[in-house]
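> only geometry, no sequence info:
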Ligand SMILES: Cc1ncc(COP(=O)(O)O)c(C=O)c1O
């Protein structure tokens, strides 16, 4: 038979092949991989989940195994709504929360709700690759805005907003951005608010790493200043478990919320209710802050160890941005070298990094690369960085 696929699915996935090849190569058991971004299993509370699962099945088994409502399990939505107080956002109601299949689904839902072909959409440059891929499914005109060490470049943002007043939204990751590990300073945060206030440009805040801060202080969520102009994404993936696939979108604009809900109902009826109930039970019966603190301390030690190794083994000219949380470090090769070349040569020596290229809307053959520290042992971190140092030294020669 001749397969007659839709034009939409035939459209090349933005950077999809490139990323798939990196991840496939990095997945080999013989490779030291700093290319991915797996949370450390220390964050998976296995016995507690077992107890929560048992309790849910015993006390509420029929509900847990039955179809459920699109917005999500009320107890979980109440917990999420209350959590916003720790980010300076008060008055969030459980009704404002839609539980999604990871925050990844919320990105695609938001793209679906907001983007018509050709619509300008502002993003940090570089930004989370899979957000770019989600938005690209709807053929937007993606306008990248440079990231500085303290957040988005506000002069460039102001210029982009002026040039594209019809931009539908801006997508930002204000804490330990993926890929750069950078966070917004209070000054940049305030300036972004000033630029956007009074416009019809929504701000989509993605915040998976905020709870993983081990030093310094975080800015409040943009939702504290922008009210319903800000939609906030969140996830349990980095603090409890990615496997249960529980994330959310907090939307305080009722019209948008209704549209997102009707789209989600069409896409999947609802997020796995069994997972939602087990997670809600886990949160009720355990001290999740103490749990997150364990992960935070482990990542602090790993990040500091990796930075230590980088200072020791990387040759002069290779720089990196120190981090205060999250799961990644962002490094830059000297002028004239490319991260794709480092990736290839590193792989030949058994070490994989993630070149920066797929995180940029337009730039290619960049000098920047991302390395992950959350899920490698100290020995592997030292061995991998030592080898990378030798490869970089060869490239510089
Ligand atoms: C910035 C960012 N947003 C969203 C996600 C998706 O996470 P999940 O779907 O597991 O909630 C990730 C995953 O790494 C991420 O880095």
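Perfect, I can see it now. Remember, predicted model here, so these are calculated numbers, not experimental data. Numbering: from 1, shown residues only.
> care to break the protein down by domain?
7-44+290-396, 67-285 (automatic domain parsing).
> So which of those domains is the most surrounded?
Mean neighbour counts were compared across those using mean count of other C-beta atoms under 10 Å; the top stretch is domain 67-285, at a mean of 20. C-beta coordinates here come from the backbone N, C-alpha and C atoms, glycine included.
> Over to the residue in the chain that the ligand sits nearest to: give its phi and psi.
When scored by C-beta to the nearest ligand atom, the chain has residue 102 as its residue closest to the ligand, at 2.5 Å. Comment: the main-chain dihedrals of residue 102 come out as phi 70, psi 160, following degrees, to the nearest 10.
> got a list of what it touches?
Residues near residue 102 by C-beta atoms under 8 Å, 6 or more residues apart in numbering: 235, 237, 242, 245-247.
> What does the pLDDT read for it?
Per-residue confidence (pLDDT) for residue 102: 97.
> ok, now residue 43?
You'll see residue 43 listed with a pLDDT of 89.
> for residue 85, same thing?
Residue 85 is assigned a predicted lDDT (pLDDT) of 97.
> Quick check: closest non-adjacent residue to it.
Once its chain neighbours are removed from consideration, residue 85 has its nearest residue in residue 92; the separation is 8.0 Å (C-beta to C-beta, 6 or more residues apart in numbering).
> Same check on residue 140?
Once flanking residues are discounted, residue 140 sits nearest to residue 121: 4.3 Å by C-beta to C-beta, 6+ apart.
> for the one you found, which residues make a bridge with it?
Under DSSP bridges, the beta-bridge partners of residue 121 are residue 142.
> pretty sure it is touching residue 139, no?
No - between residue 121 and residue 139 there is no contact, the gap being 10.3 Å when judged by C-beta atoms under 8 Å.
> Show me whatever sits in contact with both of the two.
Taking C-beta under 8 Å, 6+ apart as the contact definition, residue 121 and residue 139 share the neighbouring residues residue 115.
> Phi and psi next, for the closest residue to residue 45 other than its chain neighbours.
If the residues on either side of it in the chain are set aside, residue 45 comes closest to residue 291, at 6.0 Å by C-beta to C-beta, 6+ apart. The phi and psi torsions at residue 291 (degrees, to the nearest 10) take the values phi -60, psi -50.
> Next up, the contacts around residue 291.
If you count contacts by C-beta under 8 Å, 6+ apart, residue 291 has them with 43, 45, 239-240.
> Also residue 22?
By C-beta under 8 Å, 6+ apart, the residues touching residue 22 are 35, 343, 352, 354-355, 358.
> Quick check: next helix or strand after the helix or strand containing it?
For residue 22, the host element (DSSP states H and E) is helix 16-26. Next helix or strand after helix 16-26 toward the C-terminus (DSSP H and E): strand 32-33.
> What are the contacting residues of that following strand?
Contact with strand 32-33 is made by 26-27, 350-352, 372, 376, 380, 383-384, 387, as judged by C-beta under 8 Å, 6+ apart.
> Swap in 6 Å and give it another go.
Defining contact as C-beta atoms under 6 Å, 6 or more residues apart in numbering, one finds that strand 32-33 is touched by 26, 350-352, 380, 384.
> Over to stretch 204-211?
Residues lying outside stretch 204-211 but in contact with it, judged by C-beta under 6 Å, 6+ apart, are 110, 169, 171-173, 175-176, 218, 222, 230-235, 238-239, 292, 326.
> now with 7 Å?
Contact partners of stretch 204-211, identified using C-beta atoms under 7 Å, 6 or more residues apart in numbering, comprise 103, 110, 128, 131, 169, 171-176, 218, 221-223, 230-235, 237-239, 292, 325-327.
> Now, the residues you listed that are in strands?
Using DSSP state E to define strands, the subset of the contacts of stretch 204-211 located there is 169, 171-172, 230-235.
> With pLDDT as added columns, please give those residues in TSV.
Formatted as TSV, the entries for those read as follows, by pLDDT from 0 to 100:
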residue	pLDDT
169	98
171	98
172	98
230	98
231	98
232	98
233	98
234	98
235	98
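> helix, strand or coil for residue 331?
For residue 331, the secondary-structure state derived from DSSP: H, G, I helix; E, B strand; the rest coil is strand.
> The nearest residue to it once chain neighbours are set aside and residue 392: what is the separation?
Excluding the flanking residues, the one nearest residue 331 by C-beta to C-beta, 6+ apart is residue 320, at 3.9 Å. Distance check for residue 320 against residue 392: by C-beta to C-beta, to the nearest Å, it reads 11 Å.
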